[in-house]
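Engineer: Sharing a sequence plus its predicted fold:
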Amino acid sequence: MAGREVVLPWAAWYGDREKRLEFPQGWEVEIANPARELKPLGDDEVRVRLGQAIGTKPIHELARGKKRVAIVIDDLTRPTPTDQLLPLIIHELCRGGIDMDQVLILIGSASHRFPTRIDLLKKLGKDLLGAVSVYNHHPYENLEYLGKTSRGTPVYINKFYLESDLRIGVGTILPHAAAGFAGGAKVVAMGLGGMETILHNHDSQGVSKEAGPVGNVENPMRHDLEEIAKMGCLDLIVNVVLNRYRQVSGVFVGDMIKAHREGVELARESWGTEAPRLVDIGVFNAYPKDTEAIQAFNAINPSLVDGDPVVRPGGAVVIATASPEGVGVHSCEGFGMRGYKEWLRWLKEAEVFRDRKLILYTPKLTQLEVKHLYPAHCIVCNHWGQVIETLRESFPSRSKVVVFPTGTFQLSH
């Protein structure tokens, strides 16, 4: 007889559809939903919030008299619906006297792959793409050196951004294992940073030695990011908090620290999750950071807790990811790159994987393709039925299971 069915959001940017997973009869399945279901904001509500600001003048006032505006956005590895936000931000700039030919959109892709035109259509929308200048940042080219932070990070930032006289960063506030929460300064400090800047900030033996834990924004890595962005003169951020369907549910505009911290409070309140402890099996869905396998590890954010672990030793961790783009590209922490050893060290030392069965559920990828990304004992399954068969080998019929439907958004307490 059929057991319990669980519905997960799936394939951000590639359909944003539902994936149905069925568990055997007799298994105790708990869905660990976040504390609050956020309602989406319509364009009119977003527009009102863009006209306000926290700790700075609003966008249209900052724009007056400016000659060139740089708007930094993230790439498809991040869930920010910039296709909705950018036209509204540009409307605010026009209120301040800015013309379209004065605007430059910079893709703050850090050490990720270059976006294609198909990607840009998704991030900008068909009306804006071709109507405004767009530049893909490269971490080895077109950089200016600005000195070092107080933590010794050499600051190289994109020169086209620095040539602008109004600088805006756009991103999403969501839990981050090292920076506490993403968003704020990060889209410039890392998104437009040179490789030396990225490597030093991410060094687990240096700046990031005391990074995190997930949910704590007052840590050395976050402070280093903010110092970098200050050196790069980031004037204002537009940060959003999203709901489980990747819809804008909160908008925070203004100073990169003050506005970010207000957004963090909404994200913490909304995405906080009451997580069970010492279960047999934990299923962590990587949506909405499920475009590629190298990003899917973010799904385990809800497992990073103090005290008793979510999944007991001897249990099983299942990471679920659509990964339509395959393994993914990371020129800092990818296989063979200079930051790869740091990445591998983190994976080997991660308590959530130690003494536990690890399964990567992804419809397309093979064991060979992901062998450099995850611990050697990781098992790849392309069909959910294979996952269940693999779990049955080790766990009895009345196993306790917890499912985190949007793991990369969720913060356990």
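Structural biologist: Good, I have the coordinates.

Engineer: part of a strand, is residue 105?
Structural biologist: Yes. The secondary structure assignment for residue 105 places it in a strand, going by DSSP: H, G, I helix; E, B strand; the rest coil.

Engineer: That one: neighbour count?
Structural biologist: The tally of other residues near residue 105 (other C-beta atoms under 10 Å) stands at 23. Using the backbone N, CA and C atoms, a C-beta is placed for each residue, glycine as well.

Engineer: With adjacent residues omitted, what lies nearest to it?
Structural biologist: Spatially, and ignoring its direct neighbours in sequence, residue 105 is nearest to residue 134 (4.7 Å; C-beta to C-beta, 6 or more residues apart in numbering).

Engineer: Which secondary structure elements does the strand or helix carrying the one you found sit against?
Structural biologist: Here residue 134, judged by DSSP states H and E, is contained in strand 133-136. Here strand 133-136 is seen to pack against strand 103-107 when contacts are counted using 3 or more C-beta pairs under 8 Å, 6 or more residues apart in numbering; DSSP states H and E.

Engineer: Heading C-terminal from the strand it packs on, find the next helix or strand.
Structural biologist: Criterion used, DSSP H and E; the element after strand 103-107 is helix 117-124.

Engineer: Quick one: low-confidence residue ranges for the chain.
Structural biologist: In the predicted model of the chain, residues 1-3, 209-211 satisfy pLDDT under 70.

Engineer: any idea which residue sits dead centre in it?
Structural biologist: The geometric centre of the chain, computed from its C-alpha atoms, lies nearest to residue 78 (C-alpha atoms, centre = their mean), at 4.7 Å.

Engineer: check contacts around residue 11.
Structural biologist: If a contact means C-beta atoms under 8 Å, 6 or more residues apart in numbering, then residue 11 has 17, 19, 287, 290, 322, 324 as its contacts.

Engineer: Can you flag which of those belong to strands?
Structural biologist: For these, the ones inside strands are 17, 19, with DSSP state E as the criterion.

Engineer: want to throw the contacts of residue 11 into a markdown table with distance to residue 313 and neighbour count?
Structural biologist: Converted to a markdown table, the contacts of residue 11 look like this (distance: C-beta to C-beta, whole Å; neighbours: other C-beta atoms under 10 Å):
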| residue | distance to residue 313 | neighbour count |
| --- | --- | --- |
| 17 | 35 | 10 |
| 19 | 29 | 19 |
| 287 | 27 | 27 |
| 290 | 27 | 33 |
| 322 | 29 | 28 |
| 324 | 34 | 18 |
